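**Q** Sequence and predicted structure, then a few things I'm wondering about:
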Amino acid sequence: AESFFDVYFELDVEEPFVLNAGDILVARERVSFVNNTGETDYRWVWEIHEAHAAESDLGDAPDSSNSFGAMVMTAYPWGVQADYPSVYLAGSPPHGPLHLAPRAVAHLGQAVTQEWEADIGFDQDPTNNIIPPNNQANRDLADDGLLNLPLKLPHCTYVNFNYLVNIITPNVDLYFNAWADWNRDGDWNDNMICPDGTGTSEWIVQDQVLSGLPVGINNVTTPQFLPFHPAGTPQALPIWLRITLSEKKWNGGSGSGGSGPAGGYQYGETEDYYFTPQITGAACADFNLDGRVDFLDFTKVANQWLEACP
């Protein structure tokens with residue numbers, strides 16, 4: 001009768017080496033044993049090891065290049081294929097924005113949860129950020145950095161938004177980036193033209209420099225950008241928006257809007273949001289988007305006027 005048992009080996013490596021997070025080691029060893037007939041037999045024993053960071057963070061937007069054989073996920077209820085880069089290993093590049101040590105220097109909002117990958121393996125939530133077989137996304141429970149949802153994003157009208165940055169280790173230069181799927185086509189790669197001929201990009205915040213922030217929670221305002229919505233839209237449509245905090249500039253990531261570098265980021269966090277923005281009517285006088293119309297709004301407009309008209 002067949003029998004099943006586990007065999008454990010201690011391997012001595014003459015020259016130790018480092019496996020970075022995401023690396024895979026494949027090893028084999030030829031071992032001898034005495035079989036059931038009392039004869040010496042030989043077998044090749046194979047081992048596969050994947051290295052994971054002690055803690056890491058990824059996004060939770062739907063990704064059709066995933067660990068389940070590139071199982072197609074949809075971005076919107078009307079059936080658009082989702083091509084947002086969230087999964088770090090499978091189907092890469094483009095790589096999902098992996099942050100190897102999100103709690104070491106700074107992250108977005110009050111909290112951050114750790115996961116080894118966006119769609120498989122350990123996840124602190126405890127479910128994975130995305131579950132491709134069920135076409136489920138947006139499952140990271142610590143996406144809490146974006147303020148005043150749903151955002152006011154009137155068509156082709158300059159706006160900005162506020163977000164929270166939790167500084168743990170000060171005096172480290174950080175960069176903030178954001179992407180919005182303006183044309184709702186399942187990626188963050190496009191550029192549009194407003195009716196007055198002004199161009200706008202789905203890369204809505206481009207390498208905003210954050211330096212000198214004190215330890216603790218900081219409320220930060222983005223530079224202004226131009227929202228865009230498809231022509232003929234009678235009402236607001238849902239949208240996917242990604243925000244990323246990191247220690248390096250984006251510089252194109254690994255080939256797609258919202259992607260991360262091949263080796264991942266060391267610090268920071270990525271958060272993804274799915275919501276229906278407010279798009280009707282002109283932007284109100286709450287220019288700093290703090291929920292109030294007061295003297296601070298006048299000051300902001302005056303400063304912008306002085307900067308634009310020296």
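**A** Thanks, I have the structure now. Residues are numbered from 1 along each chain as shown.
**Q** Distance check, W179 against W250.
**A** W179 is 9 Å from W250, where distance means Cβ to Cβ, to the nearest Å. C-betas here are computed from N, CA, C, even on glycine.
**Q** list residues touching both of these two?
**A** W203 (Cβ atoms under 8 Å, 6 or more residues apart in numbering).
**Q** Give me the more crowded residue out of the two.
**A** Between W179 and W250, W179 has the larger neighbour count (other Cβ atoms under 10 Å), namely 27 against 22.
**Q** check contacts around that one.
**A** So, once contact is read as Cβ under 8 Å, 6+ apart, W179 ends up touching W188, E202, W203, I204, L241, R242, G257, G258.
**Q** how about the strands of the stretch 151-300 of the chain, start to end?
**A** 162-167, 174-180, 191-193, 199-201, 203-210, 216-221, 239-246, 269-275 (DSSP state E, counting those that start in this stretch).
**Q** Residues in contact with the fifth one: which ones?
**A** Counting by Cβ under 8 Å, 6+ apart, the neighbours of strand 203-210 from elsewhere in the structure are 165, 173-180, 188, 220, 222-223, 225, 227, 243, 245, 249-250, 257.
**Q** Restrict it to CA atoms and write it as CSV.
**A** In CSV, the C-alpha atoms belonging to strand 203-210 read as follows (Å, rounded to 0.1, in the frame of the first residue of the first chain):
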residue,chain,number,x,y,z
TRP,A,203,-2.5,61.3,-13.9
ILE,A,204,-4.1,64.0,-11.9
VAL,A,205,-1.5,64.6,-9.3
GLN,A,206,2.1,64.3,-10.5
ASP,A,207,4.9,63.8,-8.0
GLN,A,208,3.6,66.3,-5.4
VAL,A,209,6.6,66.8,-3.1
LEU,A,210,6.0,66.4,0.6
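**Q** picking that back up, any idea which of the contacts of W179 is closest to G38?
**A** G38 has its nearest neighbour among the contacts of W179 in G258, at 62.0 Å by Cβ to Cβ.
**Q** one step back: which of the strands of the stretch 151-300 of the chain is buried the deepest?
**A** strand 239-246 (a mean of 26; mean count of other Cβ atoms under 10 Å).
**Q** ok, it: who's next to it in the sheet?
**A** strand 174-180 (antiparallel), strand 269-275 (antiparallel) (DSSP bridges).
**Q** Pass me the low-pLDDT residue ranges in this structure, would you?
**A** 1-22, 51-54, 232-234, 281-292, 297, 300-301, 303-310 (pLDDT under 70).
**Q** Please repeat the previous calculation with a cut-off of 50.
**A** 282-283, 289, 308, 310 (pLDDT under 50).
**Q** where along it do the helices fall?
**A** 295-308 (DSSP state H).
**Q** which residues touch A262?
**A** The neighbours of A262, taking Cβ under 8 Å, 6+ apart as the test, are P93, H95, S254.
**Q** which one of the residues you listed is nearest Q124?
**A** Closest approach to Q124 among the contacts of A262 (Cβ to Cβ): H95, at 21.0 Å.
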